[in-house]
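Student: structure, please.
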Amino acid sequence: MRDALLAKLTEIVGAADVLQADAAAPYLVEWRGAFSPTALAVVRPADTAQVAAVVTACAEAECAVIAQSGNTGLVGGAAAQDDERHVIVNLERMNRVREVDADNATITVEAGCILADVQQAADDAGLFFPLTLASRDRCRIGGNLATNAGGLNVVRYGNTRDLALGLEVVLADGRIWNNLTGLRKDNSGFDLDDLFIGSEGALGIITAAVMKLYEPVVQQVSALFALESPAQAVKLQRRLTAASGHNLTGCELMSRQAVSLACTHIEGCEEPFDIDHDWYLLVELASSAQGHWLLDAMAHVVEHARHAHELVDVIIAHDVETSRRLWHLRESLPPAQVAEGASIKHDISLPVSKLPVFLDRAMTAIREALPGVRPCPFGHVGDGNLHFNLSQPVDADGPAFLDQAEAAHAVVHDIVAEMGGSIAAEHGIGRLKVAALDRYKSEVERDMLAAVKTALDPHNRLNPGVIVKA
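Tutor: Residues are numbered from 1 along each chain as shown. Predicted coordinates:
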């Protein structure tokens, strides 16, 4: 059966795009090191019809299909786990921009399009695609949709789900569902697009999508605030939203530990102020409307915050180079943590109003549970999503520190759950957090998740072990 399947896959996509052994190795990498992926083969289809044929062939051979695009995920969602029954369907060859409809303000792209290329295609058409992630030069639209990726602009434009108007999906039985309509209003049944977005390839394989575009930004101003507490950050984001007419497009909280690591390890990062501060808030206001009124709005908020003692210091970027330098600092935080050593990561969300209390509780609790640990929280305070990451103690053994991950997760996630938050804000569940669902999701919700999976993939052939237990 194995040889027959490989022969069929070769017939469908060609011998050059059925990869095994050394040729498949680059696709069998899970960069956080939580999994050691293995698969029967990596198949690279060129179009949707080939994806459908591959899925059908795998179903007939009773093998599972693991969808993969940029393979930049953080929870093992694309980490195949069976060298006899798992076939990775990598979509990187499906990288075409099918259409830009300027009057409808949409772009239709295939799942293998690199995010930065979609941004460029929109820019070439005189429009703007707002989804942006630190991995934009590597991640692809299929993965962005499959994980409902967030990123730096969620506070203004929403998650990937909010930018999608229609999908093309290959179902578990090999049928193709085409909903690439570009409609902004369609109440003719259940919202099936929403069902597949964020499903991590466990319900169907997204092969193309119609995404919203916006008018390009013509005025923009960034600022970095030095703060005494996260509570000041929450007040500032609210004031900036009001003063700018909801044109706050970025709102990033950074701890002293996070900034220190970036300045130590990443080229181009330098201390922004003459003295160190406990907390930093990086913000951006942007609008497609002509004028310079956003700079006035920023100045007004700064003046008010000074009088109200809601900030310690501030840098307003009056030029593009200063703005780039400030945002480079923020985007350098993840690689800086890698350079520092072992790190235990949490991707949590709470109502924005609860973030200060959470940080106070979680910082105290985790230091008691893991003596010497260095909390390194940062993230999207404007939408309530924090990466509450923990760097290993100085001179600690990295693997030994990582052995404490489950204990650390319990401390942090228990507080998040008690406060009504989520343990998976923007990275998804993947294989990494499936067990946590039993702890933090109600039985009713788990039953609903399982029912949806069974309805669309009754034989558990699509990404088994992701989100719902295999």
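Student: which stretches of the protein have low pLDDT?
Tutor: 470 (pLDDT under 70).
Student: find the centremost residue of it, please.
Tutor: Closest residue to the average C-alpha location of the chain: residue 149 at 3.5 Å, with C-alpha atoms, centre = their mean.
Student: and for the nearest residue to that residue once chain neighbours are set aside, the neighbour number?
Tutor: In space, residue 149 comes closest to residue 160 once its chain neighbours are excluded; the distance is 4.9 Å by C-beta to C-beta, 6 or more residues apart in numbering. For the C-beta atoms, the positions are set from N, CA and C on the backbone; glycine is no exception. Using other C-beta atoms under 10 Å, residue 160 has 26 other residues around it.
Student: distance check, residue 367 against residue 388.
Tutor: Look at residue 367 and residue 388: by C-beta to C-beta, to the nearest Å, they are 13 Å apart.
Student: list residues touching both of those two?
Tutor: residue 375 (C-beta atoms under 8 Å, 6 or more residues apart in numbering).
Student: confirm that residue 166 sits in a strand.
Tutor: Yes. Counting by DSSP: H, G, I helix; E, B strand; the rest coil, residue 166 is found in a strand.
Student: could you pull out the helices for the stretch 101-250 of the chain?
Tutor: Per DSSP state H, counting those that start in this stretch, the stretch 101-250 of the chain carries helices over the ranges 115-124, 141-146, 154-157, 160-163, 192-196, 230-243.
Student: now these in a markdown table, please, with extra columns for distance to residue 223.
Tutor: Below are the helices of the stretch 101-250 of the chain laid out as a markdown table (distance: least, C-beta to C-beta, whole Å):
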| stretch | distance to residue 223 |
| --- | --- |
| helix 115-124 | 23 |
| helix 141-146 | 28 |
| helix 154-157 | 15 |
| helix 160-163 | 25 |
| helix 192-196 | 35 |
| helix 230-243 | 9 |
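Student: buried residues in stretch 60-71, which are they?
Tutor: By neighbour count on 16 or more other C-beta atoms under 10 Å, the buried set for stretch 60-71 is 61, 63, 64, 65, 66, 67, 68, 69, 70, 71.
Student: export only the CA atoms of that stretch, formatted as PDB.
Tutor: What follows is stretch 60-71, C-alpha atoms only, in PDB (Å, rounded to 0.1, in the frame of the first residue of the first chain):
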ATOM      1  CA  GLU A  60      -8.000   5.700  -0.300                       C
ATOM      2  CA  ALA A  61      -4.700   4.500   1.200                       C
ATOM      3  CA  GLU A  62      -6.000   5.300   4.700                       C
ATOM      4  CA  CYS A  63      -3.200   7.800   5.300                       C
ATOM      5  CA  ALA A  64      -3.400  11.100   7.000                       C
ATOM      6  CA  VAL A  65      -2.700  14.500   5.400                       C
ATOM      7  CA  ILE A  66      -0.800  17.200   7.300                       C
ATOM      8  CA  ALA A  67      -1.200  20.600   5.600                       C
ATOM      9  CA  GLN A  68       1.900  22.900   5.700                       C
ATOM     10  CA  SER A  69       2.700  26.300   4.200                       C
ATOM     11  CA  GLY A  70       5.500  28.300   5.700                       C
ATOM     12  CA  ASN A  71       6.100  26.000   8.600                       C
END
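Student: of residue 367 and residue 388, which one has the most company?
Tutor: residue 388 (25 against 15).
Student: residue contacts, that one?
Tutor: By C-beta under 8 Å, 6+ apart, the contact list for residue 388 reads 346, 348, 359, 362, 375, 377, 379, 412.
Student: now residue 297
Tutor: Listed by C-beta under 8 Å, 6+ apart, the contact partners of residue 297 are 240, 243, 244, 245, 285.
Student: try it again with 7 Å
Tutor: By C-beta atoms under 7 Å, 6 or more residues apart in numbering, the contact set of residue 297 is 243, 244, 285.
Student: ok, now residue 363?
Tutor: When the contact criterion is C-beta under 7 Å, 6+ apart, the partners of residue 363 are residue 375.
Student: tell me how far it lies from residue 256.
Tutor: 12 Å.
Student: could you dump the contacts of residue 297 to CSV with distance to residue 41?
Tutor: Below are these laid out as CSV (distance: C-beta to C-beta, whole Å):
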residue, distance to residue 41
243, 56
244, 51
285, 49
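Student: okay if I get those as CSV plus neighbour count and distance to residue 103?
Tutor: Formatted as CSV, those follow (neighbours: other C-beta atoms under 10 Å; distance: C-beta to C-beta, whole Å):
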residue, neighbour count, distance to residue 103
243, 20, 32
244, 24, 28
285, 27, 28
